[in-house]
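Asker: Provided below are the primary sequence and the corresponding predicted coordinates.
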Amino acid sequence: MIGYVTLGVSDLERAKGFYGTVLAPLGAKPAFGSDRMQGFSNGAGPMLSVCAPYDGEAPSAGNGTMVALAAPSREMVDEIHALALETGAADEGAPGIRIPNFYGAYFRDLDGNKLCIFKMG
């Protein structure tokens with residue numbers, strides 16, 4: 001049902017580097033782009049895109065808004081969370097079991113957008 005998710009960013013080149021690094025373990029690569037947008041895809045589901053807001057205003061992270069990315073293993077959750085922090089993200093919750101059968105970790109990207117990397121089961 002979801003085709004892609006777009007996150008507003010203040011510096012597209014910086015965001016492309018951040019997401020290129022953080023999404024690489026999931027097999028994601030740049031999929032399409034323009035002078036104000038870059039999409040990333042692993043070819044198996046919805047894309048994640050970053051963009052400079054069309055209206056020219058500063059991007060903002062929504063209160064209660066979060067993008068969740070599925071990982072194939074708990075080890076991958078740990079790896080991506082660590083990569084995000086090493087690449088400048090803010091920690092929003094270390095990897096761990098949140099509810100039965102849900103292992104997740106949380107971080108905020110360089111513009112404050114909140115993401116979760118998780119493994120069900």
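Answerer: Noted; the coordinates are in hand.

Asker: only C-alpha atoms for contact and neighbour calcs from this point on.
Answerer: Will do.

Asker: what's the burial count for the nearest residue to S49 once chain neighbours are set aside?
Answerer: Distance criterion Cα to Cα, 6 or more residues apart in numbering; nearest residue to S49, sequence neighbours excluded, is G39 at 4.0 Å. Applying other Cα atoms under 10 Å, we find 21 residues neighbouring G39.

Asker: equivalent analysis for P72, please.
Answerer: Neighbours of P72 (other Cα under 10 Å): 11.

Asker: just L115 next, same as before
Answerer: Using other Cα under 10 Å, L115 has 19 other residues around it.

Asker: re the thing from before, ok, the residue nearest to S49 touching L23?
Answerer: No: using Cα atoms under 8 Å, G39 is not in contact with L23, being 11.3 Å away.

Asker: which residue is most remote from the mean position of the protein?
Answerer: Distance from the C-alpha centroid of the chain peaks at P100, with 23.4 Å (Cα atoms, centre = their mean).

Asker: and the strands in this protein?
Answerer: All strands of the chain, identified by DSSP state E, fall at 4-8, 29-33, 37-41, 47-51, 67-70, 90-99, 102-108, 114-120.

Asker: as a markdown table, these with mean pLDDT and distance to A84 would be great.
Answerer: What follows is these, written out as a markdown table (pLDDT from 0 to 100; distance: least, Cα to Cα, whole Å):
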| stretch | mean pLDDT | distance to A84 |
| --- | --- | --- |
| strand 4-8 | 95 | 16 |
| strand 29-33 | 93 | 16 |
| strand 37-41 | 97 | 16 |
| strand 47-51 | 96 | 15 |
| strand 67-70 | 96 | 13 |
| strand 90-99 | 97 | 8 |
| strand 102-108 | 97 | 7 |
| strand 114-120 | 97 | 10 |
